[in-house]
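**Student:** Pasting the sequence and the predicted coordinates here, then a few questions.
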Amino acid sequence: MIGCSGGHSRCQYIAASALPSSIMAGGSSALMVAAAVALGGGLILVARRLMSSSSARTAASALMRGKTVIITGANCGIGRATAAELLRLQARVILACRDPERAEEAARELREETGGSGDIVVKQLDLSSLQSVRRFCQEVVREEPKLDVLINNAGVFQCPYTKTEDGFEMQFGVNHLGHFLLTHLLLGLLKSSAPSRIVVVSSKLYKYGEINFDDLNSEKSYSRSSAYSRSKLANILFTRELARRLEGTGVTVNVLHPGIVRTNLGRHINIPVLVKPLFNVVSWAFFKSPAEGAQTSVYLASSPEVEGVSGKYFGDCKEEELLPKAMDDLVGRKLWDISEVMVGLIR
């Protein structure tokens, strides 16, 4: 699954559609094939881990030591793995999560896992509530003298049609509007802390999204998958427009896709009971671990290689091309203007 963006305790994507039909059908031969594939895939993953660059880690550690980082949805999945890695780089990490108890539990575990590296702060943030976003930002601005990195990681994936506290379709409301307001309210602190960075977690599924200005709230029609893809396309359009507006401020913003990541959420995706064991084997072989899925987020937050780079789209720590619809500046500006109205920045 494309990793847990957990601040709202949701996952992005379980790629059941990517499984071979023979595996989905089950059977002993499929199990044997899956086991063999898992072994080969496991060896590839081990080799990938062993090839990580210690010199890159050293440079990133020097850059991140003592830096303050906010990560939304940091209590599980990709967000948690991102927090762990940045803590190892000696950063001060604020876990911005919907459920304080789960966040505190994650903080305790992270302290143990990282040997007390860095510093952890837990703050409550519910991106489905604009009031919660405003309260969180007020606390941060009041209590934090600086903010070096903001990572917009949390997200909702393919939930049934529900609305946020403020009446927005849940996926668009959390994935786009909640982060839109959060980023806007923290821009002053980010600018005064420059050079600083904003990292936005999107998805390759943006390719299937369309910005329908006549039905942004999905009240005329609703498709779980289309609504998710729309919100991820909105993330990219927002990033590009924000980068344009931040030129010359010393604040950079980039967007990424984490790939297909193995997490334990995905509660809105139904996989037949008989298929689950085979699915688990294949996901172990082919899907990234949360730690691997977090690498591009960590790279954009900490690497000297992307210092001064802004408005770009990354995957596997490399810049990638976007479809034309994700580079439509007119749509990006219109979406920005409408989003300001929706979150109450302009009345």
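**Tutor:** Thanks, I have it. Residues are numbered from 1 along each chain as shown.
**Student:** use CA for all of it now, contacts and neighbours both
**Tutor:** OK.
**Student:** What count of nearby residues applies to residue 145?
**Tutor:** 11 (other Cα atoms under 10 Å).
**Student:** contacting residues around it?
**Tutor:** residue 189 (Cα atoms under 8 Å, 6 or more residues apart in numbering).
**Student:** For it, report the pLDDT, please.
**Tutor:** Looking at residue 145, its pLDDT is 98.
**Student:** Surely it is in a helix?
**Tutor:** No: secondary structure assignment (DSSP: H, G, I helix; E, B strand; the rest coil) places residue 145 in coil, not in a helix.
**Student:** residue ranges of the helices in this protein, please?
**Tutor:** Assigned by DSSP state H, the chain shows helices spanning 21-25, 28-50, 54-64, 77-88, 100-113, 130-143, 170-172, 179-192, 224-245, 276-286, 290-293, 295-302, 329-342.
**Student:** Redo those helices as CSV? Include distance to residue 201 and mean neighbour count.
**Tutor:** As requested, the helices of the chain are exported to CSV (distance: least, Cα to Cα, whole Å; neighbours: other Cα atoms under 10 Å):
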stretch, distance to residue 201, mean neighbour count
helix 21-25, 30, 14
helix 28-50, 22, 14
helix 54-64, 20, 16
helix 77-88, 10, 28
helix 100-113, 20, 16
helix 130-143, 18, 16
helix 170-172, 14, 29
helix 179-192, 11, 19
helix 224-245, 8, 24
helix 276-286, 21, 19
helix 290-293, 11, 24
helix 295-302, 7, 25
helix 329-342, 17, 16
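**Student:** export the ones you listed to a markdown table and tack on distance to residue 260?
**Tutor:** What follows is those, written out as a markdown table (distance: least, Cα to Cα, whole Å):
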| stretch | distance to residue 260 |
| --- | --- |
| helix 21-25 | 18 |
| helix 28-50 | 14 |
| helix 54-64 | 24 |
| helix 77-88 | 11 |
| helix 100-113 | 23 |
| helix 130-143 | 29 |
| helix 170-172 | 19 |
| helix 179-192 | 22 |
| helix 224-245 | 15 |
| helix 276-286 | 8 |
| helix 290-293 | 8 |
| helix 295-302 | 13 |
| helix 329-342 | 26 |
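**Student:** Which one, of these, ends up nearest to residue 313?
**Tutor:** For those, the distance to residue 313 is smallest for helix 224-245, at 7.8 Å, taking Cα to Cα.
**Student:** which helices and strands does the closest one pack with?
**Tutor:** Counting contacts by 3 or more Cα pairs under 8 Å, 6 or more residues apart in numbering; DSSP states H and E, helix 224-245 packs against helix 170-172, strand 196-201, strand 251-257, helix 329-342.
**Student:** Quick one: closest of these to residue 71.
**Tutor:** Proximity to residue 71 (Cα to Cα) singles out strand 196-201 among the helices and strands packed on helix 224-245, at 9.4 Å.
**Student:** Run the angle between that closest one and helix 77-88 for me.
**Tutor:** 150 degrees (axes from the mean of the first three to the mean of the last three Cα atoms, to 10 degrees).
**Student:** Dump the helices and strands packed on helix 224-245 into TSV; add distance to residue 135 and mean pLDDT as well.
**Tutor:** Shown next, in TSV, are the helices and strands packed on helix 224-245 (distance: least, Cα to Cα, whole Å; pLDDT from 0 to 100):
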stretch	distance to residue 135	mean pLDDT
helix 170-172	20	98
strand 196-201	20	98
strand 251-257	23	98
helix 329-342	18	98
